[in-house]
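S.K.: Sequence isn't available, so here's the structure alone:
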């Protein structure tokens, strides 16, 4: 008898969970349609002060912060940035107690952190880089964006082997290194 009760409970509970998830995704899709698409220049104009504030508080070059935001969020236009205010592709970790957002990445339905604002994402990104695996980066000068770009890859921030060069190219193309002064 017990398995039947469990099955009945699952049949009653699962459809309501599924409907809720479906409603949330539809609402996110509607919101995404109304989202203004940022160019790289617009993204920089909107978030450069936030990146500079994080640099002053945490010692991470503003050029690196902004280049990562540009790259990871596709100028704030990615699904993750639009629907979860996650501009750095930070996944859930065992210590994460905040809201989450599921999206297909390396695996289906991976858990990403969800933030109330983009600025909260920037703040958490700086906190995230204070983890021990990134500690050696803080031995670098705050104007050594090339060292930081290479160090992020070496510490495992991204799997793309071209990640350092992608960051460096963005920093040099848009003169983001000027924000590190």
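M.R.: Looks like it arrived, so ask away. Predicted, not measured: the structure shown is a model, and the values here were computed from it. Numbering: from 1, shown residues only.
S.K.: for the helix or strand residue 48 falls within, what is the average pLDDT?
M.R.: Using DSSP states H and E, the element containing residue 48 is helix 40-58. The average pLDDT within helix 40-58 is 97.
S.K.: Which pLDDT value does the model give residue 135?
M.R.: 96.
S.K.: What's the local residue count around it?
M.R.: Using other Cβ atoms under 10 Å, residue 135 has 11 neighbouring residues. Any C-beta I mention is one placed from the backbone N, CA and C, and that applies to glycine too.
S.K.: returning to that earlier point: list the buried residues for the helix holding residue 48?
M.R.: 43-44, 47-48, 50-55, 58 (16 or more other Cβ atoms under 10 Å).
S.K.: what does the helix or strand that it is followed by contact?
M.R.: Per DSSP H and E, the first helix or strand lying C-terminal to helix 40-58 is helix 62-73. Contacts to helix 62-73, defined as Cβ atoms under 8 Å, 6 or more residues apart in numbering, come from residues 40, 43-44, 47-48, 51-52, 54-55, 76, 78, 80-81, 86-89, 122, 125-126, 145, 148-149, 152, 166-167, 170-171, 176-180.
S.K.: if we can go back for a sec, could you check the angle the helix holding residue 48 makes with helix 62-73?
M.R.: Orientation note: helix 40-58 sits at an angle of 130 degrees relative to helix 62-73 (axes from the mean of the first three to the mean of the last three Cα atoms, to 10 degrees).
S.K.: So which elements touch helix 40-58?
M.R.: Identification of packing neighbours for helix 40-58 by 3 or more Cβ pairs under 8 Å, 6 or more residues apart in numbering; DSSP states H and E yields helix 62-73, helix 118-128.
S.K.: ranking the ones you listed by burial, who's on top?
M.R.: Most buried of the helices and strands packed on helix 40-58, by mean neighbour count (mean count of other Cβ atoms under 10 Å): helix 62-73, with a mean of 26.
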